[in-house]
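[1] sequence first, predicted model second:
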Amino acid sequence: MEKGCYTGKIVVVGAGNVGATVAYTLLLRHLGNEIVLVDVAKDKASGEALDLQHATSFYTSAGIRDGDYDECADADVIVVTAGVGRKPGQTRIELAQTNAAIAKSIAAGIKQYAKDPVVVVISNPVDIITYVIQKETGIPANRCFGSGTSLDTARLRYACAAQLDMDARDMNIYVVGEHGDSMVPVWSCANAAGAPLKELIEASGASCEEIMTRTVDGGAEIIRKKGATFYGVSNAAAKIVAAILGDEDAVVSVTKVQEGEFMGISDVAVSLPYIVNKTGIVKSVPLAMDDAEKEGFKTSAGKLKEVIVEVLGVK
């Protein structure tokens with residue numbers, strides 16, 4: 001089999017901009033030989049599936065169709081994209097109350113039928129929605145996690161590469177914490193092709209703060225200009241799905257409900273780099289964070305905990 005072409009059944013919950021683009025990206029990447037779109041708006045799911053079926057004539061024989069939650073029964077991966085989109089000027093956290101209610105409904109559908117899937121949450125605010133779905137389904141935290149700061153990591157790598165006129169794939173840096181304003185870039189151990197990345201950025205005439213501002217503001221800028229973001233997060237989702245279906249042991253910065261394994265933080269979903277394969281999350285990758293970065297991570301987790309308490313009533 002061609003490298004990167006992996007078989008398996010993938011259920012995508014949500015057939016809006018993100019869900020449809022996730023399905024299309026999976027097809028282009030030859031991920032999954034069976035893809036099912038599930039949405040409460042059944043005509044929307046059916047229409048997107050039909051459009052994608054026509055596209056398969058050009059490059060793949062993967063089967064794609066619309067369906068319902070009973071399709072989760074034998075799914076290898078369930079990708080949750082459903083929810084209300086973020087409006088211009090709205091923070092991800094402001095989405096929490098509405099999308100948490102939607103997430104509970106989705107979790108009920110998954111729980112009713114799914115046997116032993118890996119669930120990947122894309123819906124925003126992803127840290128909060130990941131927490132809701134993991135708690136509501138009871139699926140182990142290492143098998144129910146979110147895209148988290150994988151997209152922020154990609155955006156930061158792009159911004160660094162653009163500043164340095166280098167390939168983004170050579171930027172070895174991770175973003176941890178919240179997928180939102182309190183995210184934390186780990187500059188202290190970052191490098192580009194082995195050279196300290198922070199020093200390269202400063203030598204180029206830019207500052208790390210400037211580069212990080214571009215990263216934090218990137219999503220809001222896209223929403224302001226075109227109304228929604230879906231290409232970047234769809235490729236982040238595809239990378240995670242590839243790691244699962246291909247048993248790749250890939251390192252991805254994803255959001256997981258913490259169980260005290262790092263800095264004693266627990267009962268909140270927050271991002272760290274993890275090794276991901278067919279079993280889900282295997283273990284974390286211990287980044288050599290400095291004291292300021294550790295404190296930033298702790299603060300970020302604390303902000304998310306406050307939202308969980310306020311929105312979900314968790315004590």
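    All right, it came through fine. Because the structure is a prediction, the values reported are computed rather than measured.
[2] tell me who's in contact with Asn142.
    By C-beta atoms under 8 Å, 6 or more residues apart in numbering, the contact list for Asn142 reads 256, 279-282. Using the backbone N, CA and C atoms, a C-beta is placed for each residue, glycine as well.
[3] repeat for Ala49
    Contacts of Ala49 (C-beta under 8 Å, 6+ apart): 15, 37, 64-66.
[4] confidence score at it?
    Predicted confidence (pLDDT) for Ala49: 97.
[5] let me know the helix or strand that it is in.
    helix 42-59 (DSSP states H and E).
[6] so what's the gap between the next helix or strand after that helix and the chain middle?
    Once the chain leaves helix 42-59, the next helix or strand it forms, by DSSP H and E, is strand 63-67. Strand 63-67 sits 23 Å away from the centroid of its parent chain (C-alpha atoms, centre = their mean, to the nearest Å).
[7] next, the angle helix 42-59 makes with strand 63-67.
    Inter-element angle recorded for strand 63-67 and helix 42-59: 180 degrees (by axes from the mean of the first three to the mean of the last three C-alpha atoms, to 10 degrees).
[8] direction included, what does whichever helix or strand comes after strand 63-67 pair up with?
    Next helix or strand after strand 63-67 toward the C-terminus (DSSP H and E): strand 77-80. Its sheet considered, strand 77-80 pairs with strand 9-13 (parallel), strand 118-121 (parallel) by DSSP bridges.
[9] now list the buried members of the contacts of Ala49.
    In these, burial by neighbour count holds for 15, 37, 64, 66, counting by 16 or more other C-beta atoms under 10 Å.
[10] farthest-separated two in those?
    For the buried ones among the contacts of Ala49, the maximum inter-member distance is 11.2 Å, found between Ala15 and Ile64 (C-beta to C-beta).
[11] what do the two both touch?
    With C-beta under 8 Å, 6+ apart, Ala15 and Ile64 have common neighbours 23, 37, 49.
[12] in CSV, list the residues you listed along with distance to Glu248.
    Formatted as CSV, these follow (distance: C-beta to C-beta, whole Å):
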residue, distance to Glu248
Ala23, 21
Leu37, 25
Ala49, 27
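[13] closest to Cys208 out of these?
    After measuring those against Cys208 - C-beta to C-beta - the closest member comes out as Ala23, at 36.5 Å.
[14] point out where the stretch 201-315 of the chain drops to low pLDDT.
    Scanning the stretch 201-315 of the chain for pLDDT under 70 picks out the ranges 315.
[15] which residues in it form strands?
    250-259, 266-277, 280-284 (DSSP state E, counting those that start in this stretch).
[16] show me where this protein has its helices.
    17-28, 42-59, 96-113, 126-137, 150-164, 197-203, 208-226, 231-245, 291-312 (DSSP state H).
[17] can you list the buried residues in stretch 171-186?
    Buried residues in stretch 171-186 (16+ other C-beta under 10 Å): 171, 173-180, 182-186.
[18] residues contacting Asp127?
    146, 148, 178-180, 255, 268-271, 304.
[19] and the pLDDT for it?
    Confidence score, pLDDT, at Asp127: 96.
[20] from Ala108, how far out is it?
    21 Å (C-beta to C-beta, to the nearest Å).
[21] with Asp170 instead?
    44 Å.
[22] so for those two, which residue has more residues nearby?
    Asp170 (16 against 12; other C-beta atoms under 10 Å).
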